[in-house]
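**Student:** Can you look at this prediction? I've put the sequence above it.
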Amino acid sequence: MRTVTLAILVLAVATSACNAQSPAAVPEAPVADTVDGAYRQALAASPLAWQVEAERRYWTTAGADQRSDEASYLADLQARIREDRKAAAARTTPAALNVCVDVVLKGCDVRSAGFLGMGDEGRIWWQIQDGYTDADGVGGGVVVFEEFAGGQLKPLVWSFEGARYENPHLEPYGDGQWLLIVPGISRGTGSGDMTIMMLKRDGGWHAVDTDWQSRGGDKLGGFETRHQPRWRFPALEAWSPLWRADDGNCCGTAGSAEMEFEIVDDRLTLIGAEIAPAP
């Protein structure tokens with residue numbers, strides 16, 4: 001797989017908080033005040049609609065003692081809608097990528113920014129942010145942009161759910177496709193995988209459902225992976241310890257697995273695993 005040129009912008013010290021780029025006003029329907037209405041709006045607003053669907057499945061199937069109540073779930077949906085609408089409306093330019101695009105984070109600094117080329121198909125730009133929110137504390141964010149008329153940049157995909165995001169990868173994938181990978185890790189001690197993937201095909205970008213853990217049990221001998229694996233991007237390969245069902249979250253005791261993945265029907269899919277038994 002050939003290497004795609006990565007050009008990292010030489011950034012000035014970020015001297016401004018995340019309020020330097022004001023999103024353009026876009027008329028939108030009022031945020032819905034029912035769960036069903038807010039769910040439909042969240043699906044329409046999110047660049048990662050599979051996450052909205054997964055959260056809905058959990059909320060409708062988990063036991064009452066494991067899920068939030070209806071009011072809390074509705075409030076979460078409403079907050080997501082507002083965040084996603086604000087992100088989608090934001091605009092910036094390559095020259096201004098050293099200043100945070102204002103979406104969520106307070107006290108925001110740009111940790112890195114740059115562009116990735118796709119040959120004759122143009123390029124995408126990106127910005128990695130560090131900051132905090134009142135609700136979640138210290139965390140990170142990423143915004144990936146497309147270029148459009150006049151040299152402006154508009155967001156293609158974004159996330160502020162993780163503690164930290166890393167510089168993205170962009171590689172040819174399959175027949176005439178491009179795969180964008182933004183590694184990310186969750187807040188807290190769980191070290192969950194917040195990696196984002198987007199596949200460019202058929203003239204547009206499509207979100208890749210990266211919740212492979214929920215679909216990988218049969219390839220892992222019935223064991224589990226609970227933390228972010230040790231990815232070897234841009235190759236779709238990883239290593240992870242394995243957990244038995246009654247293992248503590250800190251430590252898997254079922255050995256480890258070398259894993260190989262493909263993207264099948266816009267879903268990251270575990271296609272093979274070499275399991276090393278526990279000593």
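**Tutor:** Yep, that arrived.

**Student:** use CA for all of it now, contacts and neighbours both
**Tutor:** OK.

**Student:** and the next element down the chain from whichever strand or helix holds residue 71?
**Tutor:** Using DSSP states H and E, residue 71 sits within helix 70-89. The helix or strand immediately downstream of helix 70-89 is strand 106-117, counting by DSSP H and E.

**Student:** if we can go back for a sec, quick one: buried residues of the helix holding residue 71?
**Tutor:** For helix 70-89, the neighbour count (16 or more other C-alpha atoms under 10 Å) marks 73-74, 77-78, 80-88 as buried.

**Student:** was I right about residue 80 contacting residue 43?
**Tutor:** No - look at residue 80 against residue 43 with C-alpha atoms under 8 Å: they stay out of range, at 9.9 Å.

**Student:** For the helix holding residue 71, give me every contacting residue.
**Tutor:** 23-26, 31-35, 38-39, 41-42, 45-46, 59, 102-104, 154-156, 158 (C-alpha atoms under 8 Å, 6 or more residues apart in numbering).

**Student:** Okay, and which of these map to strands?
**Tutor:** Using DSSP state E, 154, 155, 156, 158 are the members of those that sit in strands.

**Student:** could you check the distance from residue 236 over to residue 258?
**Tutor:** For residue 236, the distance to residue 258 equals 11 Å [C-alpha to C-alpha, to the nearest Å].

**Student:** Excluding covalently adjacent residues, which one is nearest to the residue positioned nearest the centre of the chain?
**Tutor:** A centroid search over the chain (C-alpha atoms, centre = their mean) returns residue 196, at 3.4 Å, as the residue closest to the centre. Counting by C-alpha to C-alpha, 6 or more residues apart in numbering, residue 182 is the residue found nearest to residue 196 once chain neighbours are left out, at 5.0 Å.

**Student:** who's in contact with that neighbour?
**Tutor:** By C-alpha under 8 Å, 6+ apart, the contact list for residue 182 reads 165, 166, 167, 168, 169, 195, 196, 197.

**Student:** where does it fall, phi/psi-wise?
**Tutor:** The phi and psi torsions at residue 182 (degrees, to the nearest 10) take the values phi -120, psi 100.

**Student:** And the pLDDT for it?
**Tutor:** pLDDT, residue 182: 97.

**Student:** which stretches of the stretch 101-250 of the chain form strands?
**Tutor:** Remark: strands assigned in the stretch 101-250 of the chain by DSSP state E, counting those that start in this stretch are 106-117, 123-133, 137-147, 153-159, 162-165, 169-173, 177-182, 184-186, 196-201, 204-207, 230-231, 237-241.

**Student:** Now those strands in a markdown table, please, with extra columns for distance to residue 248.
**Tutor:** Output for these, formatted as a markdown table (distance: least, C-alpha to C-alpha, whole Å):
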| stretch | distance to residue 248 |
| --- | --- |
| strand 106-117 | 34 |
| strand 123-133 | 29 |
| strand 137-147 | 26 |
| strand 153-159 | 29 |
| strand 162-165 | 22 |
| strand 169-173 | 33 |
| strand 177-182 | 29 |
| strand 184-186 | 19 |
| strand 196-201 | 27 |
| strand 204-207 | 32 |
| strand 230-231 | 20 |
| strand 237-241 | 13 |
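
**Student:** can you tell which of those is closest to residue 219?
**Tutor:** strand 237-241 (13.2 Å; C-alpha to C-alpha).
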